[in-house]
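>>> Test case, fold it:
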Amino acid sequence: AGALLLDRLMRVGTAVAAEEAELLARICRQLDGVPLALELAAARSTTHGLADIAAGLTDRFALLSATRRDAYPRQRTLDASVRWSYDLLDPNEQRIFRHLAVFSGEFLVSDAVAVCPGPSARTSSVVAALVSQSLVGAANSGRLRLLETIRAFAEDRLAEAGEVAAARDRHLDWVVDALAALGPGFDGPDPARAMRSARQLVNDARAAMHHAERSDRSIAMWNLLELLGWWFFYEGRLDEAADWYRRACEVDEDAPPPAAAPGLVVGALLATSRGDHDEIVESISRASNAAERCGDHRSCGRLLVLRGAHQAWHNPAAGNELISAGRVVCESTSDYVWANWATCGAALALMFLGRPADSLVELARAEQVAASTGVRRLALDAAARGCICEYLLGTWSDAEKTLLRGRELAAGLTSTSVTACFDSVDASLLIERGRPDDAVELMERAIERYLRVGELQFVPLFVETVARAHISAGRASHVVQQLEDLRGHPGV
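Numbering: from 1, shown residues only. Take a look at the predicted model:
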């Protein structure tokens, strides 16, 4: 502990005289050698002498011994050192410090400016000062963060000051703005970058969702679900998304449809991935009612596409008609990304109708749009459906090439969702090459993964592939019960 404190003192430019060795030892004893506490003490040495630091800690311990007798000694040590550092701040510095408690993850100085009250320049300079005093730390990424002990202390001070609601409101607005800024990135050439950025924000988004729920702000809840929808989809966090949807519905007794409809569309999209028929129908119906009430034609077009895509698994001809109608509406609202996803949906319906060659024609159009617009996710969807069509046509080498290209497109973006098509074709090719046991192992791993993330729409496809593998190995009796279970699946 003594060596650590001496090192930190030297780093901030504090010289230690030989006669001050006892003061160093005293400070280390007072702080129980806790590294964080020693860091804070060293940071204060630039403005306070070692004797003052030791005396200040003694006073703070006297206070804590009377007020926190139930705390563990280590916690009392940390509380004392943080409280002492906090008491040395001026009122404006204290206010900004406690407002930083709203951040659940890492943040930038510009983020602090957005959530803290007062002029931007003053907030920036105060944050810099808090960093120099070790109350705010720098993460390896170059962003800033509060250690949990310090954040909890700051949150307590925020509550004492009666500033929680206002601070959380500003934090909620910041989260919404930050997520909205990521939206275009999902429809660009590098959606994996948008996923990484969203991942950095997700804990703050969860805190914002909790605040919106507690303050009955249903519009904010629908906005958050809409803005984080693609992260839920590609990250495979469908159960959590379903929980957000449920909570928003409970708060939303009669939210204005223009505000709720886009979030309800995302809820319907995520429901289709979960694969429960009743849930899908209910969520699409709820979203359609809201969109129609306010004349939100963009949402109406997307919902037609979703309704048709789901219908295609049951009645591909009827599903294809709905998808075509949805594509027309999407094009009329200049919603070209969804219009081309409709093209991919139509290709799926044609494949279910036994027309894989026609399906490839549709997918070629989608790939051309993806190439001209740089929408990587659209190219991924086209590749996922294309490799299945090529397998069905017996052009296995083409299917393998498309599969490899699709996995490259999915790298860093997702390991679930449409990658199920690649998993299924991989297994199917293993069956054709006389390796049914390897195919079964691959599919069982995929089933386990998709069940874990709550994405059930592709499970019947995996089970069917397992059945074909057992049949090819002469084990038809093994799959009778599996196929019976499959026929009872709500998505079939």
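>>> What helix or strand is the residue lying closest to residue 286 once chain neighbours are set aside located in?
The shortest distance from residue 286 to any non-neighbouring residue, by C-beta to C-beta, 6 or more residues apart in numbering, is to residue 264 (5.9 Å). Quick note: C-beta positions are derived from backbone N, CA and C, even for glycine. Using DSSP states H and E, the element containing residue 264 is helix 257-274.
>>> after that helix comes which helix or strand?
Following helix 257-274 toward the C-terminus (DSSP H and E): helix 277-294.
>>> which residues touch that next one?
242, 245, 249, 256-258, 260-261, 264-265, 267-268, 271-272, 274, 296-297, 299-300, 303, 306-307, 310, 490-491 (C-beta atoms under 8 Å, 6 or more residues apart in numbering).
>>> report the angle between the axes of that helix and helix 257-274?
160 degrees (axes from the mean of the first three to the mean of the last three C-alpha atoms, to 10 degrees).
>>> Quick check: next helix or strand after helix 277-294?
helix 297-312.
>>> so for that following helix, what's the average pLDDT?
The average pLDDT within helix 297-312 is 96.
>>> Would you map the helices across the stretch 351-492 of the chain?
Under the criterion DSSP state H, counting those that start in this stretch, the stretch 351-492 of the chain contains helices at 356-373, 376-392, 396-410, 419-432, 436-453, 459-472, 480-487.
>>> Comparing those helices, which stretch has the densest surroundings?
Across the helices of the stretch 351-492 of the chain, averaging neighbours per residue (mean count of other C-beta atoms under 10 Å) puts helix 376-392 on top, at a mean of 25.
>>> Kindly export it (C-alpha atoms) in CSV.
Output in CSV follows, covering the C-alpha atoms of helix 376-392 (Å, rounded to 0.1, in the frame of the first residue of the first chain):
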residue,chain,number,x,y,z
ARG,A,376,-25.2,-4.5,-46.1
ARG,A,377,-28.1,-6.0,-44.2
LEU,A,378,-30.1,-6.3,-47.3
ALA,A,379,-27.3,-8.2,-49.0
LEU,A,380,-27.2,-10.5,-46.0
ASP,A,381,-30.9,-11.3,-46.2
ALA,A,382,-30.6,-12.0,-50.0
ALA,A,383,-27.6,-14.3,-49.4
ALA,A,384,-29.5,-16.2,-46.6
ARG,A,385,-32.4,-17.0,-48.9
GLY,A,386,-30.3,-17.4,-52.0
CYS,A,387,-28.2,-20.2,-50.6
ILE,A,388,-31.3,-22.2,-49.8
CYS,A,389,-32.7,-21.8,-53.3
GLU,A,390,-29.3,-22.9,-54.8
TYR,A,391,-29.3,-25.9,-52.6
LEU,A,392,-32.8,-26.8,-53.6
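>>> Okay, now the unreliable bits of the stretch 1-150 of the chain?
12, 30-37, 40, 44, 46-47, 56-80 (pLDDT under 70).
>>> Which residue ranges of it form strands?
Taking DSSP state E, counting those that start in this stretch as the test, the strands found in the stretch 1-150 of the chain are 137-138, 144-145.
>>> Right, I'll leave it there.
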